[in-house]
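J.: here is my input, please return the structure:
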Amino acid sequence: MAGFSVVEHPLRTIWVPVDYNSVTLYVGQLVVAGLNASLAGGVKAWNPAGEGDTTADQVPFGVVVGTNNKEPVFNSTYKAEYITSVQSQANLLARKYFGQEGMYGKNDPQAMVQVAVLGCDTVLKGRIFNGSYGTAISYVTVTTESTTGAGFTSGAANHTPVAYNATVYCRTGENRGLYRVTNDTSSTVRTVLHYFPYDVAVGDTFKAVNIAAVGTCKMMTDTVGTFINNAAAVGTTNWIWIDVLELNLETDGAEYAIFRINPFQFLPVKA
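T.: A predicted model of the protein is given here:
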């Protein structure tokens, strides 16, 4: 799976132009459209700015699922097809294109993407990486045991957690396979209110992510809008609200969350 994908309830799938000049979009990318994004009838990457995206006040529009390139081109970084817009008459007429449907005529040479349009009930699946696409979340190894199951001390995680907005998953040790939401704000000293049923021993390993295991929490994508960024400082800078339905940290490099974008993010003015 490249980027984000729609699991349930897209509003519809439509063709729309890419923002007007030298904008590159990727299949699996979250995009915005309309006045708040300062766009001229096209779409571009959703890159939230401010807490809850209250600085940019963008409204999520959809997920790119295809392009109108006649000859597909592939990006090795994002593991996806991509398309780049052009503006001049010469470049428009030089494009090789096909496939667009709907209100845009088949003789329109604009760079276009097919978008699965999002609503408040649309369910998404997103990969979780550390800082850049394809970089797996690091393990943390326990350095101080816990005989109560109330937490552990380990090497530093990829992020500084927000209380009740982060999750640890035991990969090795007696608690293997168990998830717990943490209530601390430390990248090394993790505490949980739902105790682990078994002692946490020195040498046990965990995965730690900066989203909750279930429910409403803060989340941030990369600047291109292709993955959940586990290195993002969601407590202090840029982030959005999501509602987590499922978190899966079982497989190295294939960690993901299933979630919906919280309805708050669909407001055109949020502050």
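J.: how about the strands in the stretch 101-250 of the chain?
T.: 112-117, 123-129, 139-144, 151-154, 166-172, 179-182, 189-191, 205-209, 215-219, 228-229, 240-248 (DSSP state E, counting those that start in this stretch).
J.: which strands or helices does the third one pack on?
T.: Meaning strand 139-144. Based on contacts counted as 3 or more Cβ pairs under 8 Å, 6 or more residues apart in numbering; DSSP states H and E, the elements that strand 139-144 packs against are strand 151-154, strand 205-209. The C-beta positions use only the backbone N, C-alpha and C, and glycine is treated the same way.
J.: tabulate the CA atom coordinates of the last one in PDB.
T.: Read that as strand 205-209. Extracted in PDB, the C-alpha atoms of strand 205-209 (Å, rounded to 0.1, in the frame of the first residue of the first chain):
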ATOM      1  CA  THR A 205      11.300  -4.300  23.500                       C
ATOM      2  CA  PHE A 206       8.500  -2.000  22.600                       C
ATOM      3  CA  LYS A 207       7.200   0.000  19.700                       C
ATOM      4  CA  ALA A 208       6.000   3.500  20.600                       C
ATOM      5  CA  VAL A 209       3.800   5.700  18.400                       C
END
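J.: model confidence over it, on average?
T.: When pLDDT is averaged over strand 205-209, the result is 97.
J.: neighbouring strands for that strand, and are they parallel or not?
T.: Using DSSP bridges, the strands paired with strand 205-209 are strand 139-144 (antiparallel), strand 166-172 (antiparallel).
J.: next one: the last one to chain centre, how far?
T.: Mean C-alpha position of strand 166-172 versus that of the full chain (Cα atoms, centre = their mean, to the nearest Å) differs by 19 Å.
J.: could you do stretch 138-158 as well?
T.: Per Cα atoms, centre = their mean, the displacement of stretch 138-158 from the mean C-alpha position of its chain is 26 Å.
J.: for it, buried residues please.
T.: Neighbour-count burial for stretch 138-158 flags V140, V142, S146, G149, G151, F152, T153, S154, A157, N158 (criterion: 16 or more other Cβ atoms under 10 Å).
J.: what's the end-to-end length of it?
T.: Its start and end residues considered, stretch 138-158 measures 7 Å (Cα to Cα, to the nearest Å).
J.: next one: stretch 142-149
T.: By Cα to Cα, the extent of stretch 142-149 from end to end equals 12 Å.
J.: for it, give the mean pLDDT please.
T.: Averaged across stretch 142-149, pLDDT comes to 96.
J.: tell me where the stretch 1-150 of the chain has helices.
T.: 89-94 (DSSP state H, counting those that start in this stretch).
J.: for the stretch 1-150 of the chain, give me the ranges with low pLDDT.
T.: For the stretch 1-150 of the chain, the stretches with pLDDT under 70 are 1, 36-38.
J.: re earlier: to Y26, which of the strands of the stretch 101-250 of the chain lies closest?
T.: Smallest distance to Y26 across those (Cβ to Cβ): 9.2 Å, for strand 112-117.
J.: what's in contact with that closest one?
T.: Here strand 112-117 makes contact (Cβ atoms under 8 Å, 6 or more residues apart in numbering) with 6, 10-18, 25, 31, 43, 61-68, 83, 97, 99-100, 104, 122.
J.: direction included, what does that strand pair up with?
T.: For strand 112-117, the paired strands and their directions (DSSP bridges) read strand 13-17 (antiparallel), strand 60-67 (antiparallel).
J.: any idea what sits nearest G102, other than its immediate chain neighbours?
T.: Spatial nearest neighbour of G102, chain neighbours left out: W15 (5.1 Å); criterion: Cβ to Cβ, 6 or more residues apart in numbering.
J.: who's in contact with that neighbour?
T.: With contact set as Cβ under 8 Å, 6+ apart, W15 has these partners: N68, G99, Q100, E101, G102, Y104, M112, V113, Q114, V115.
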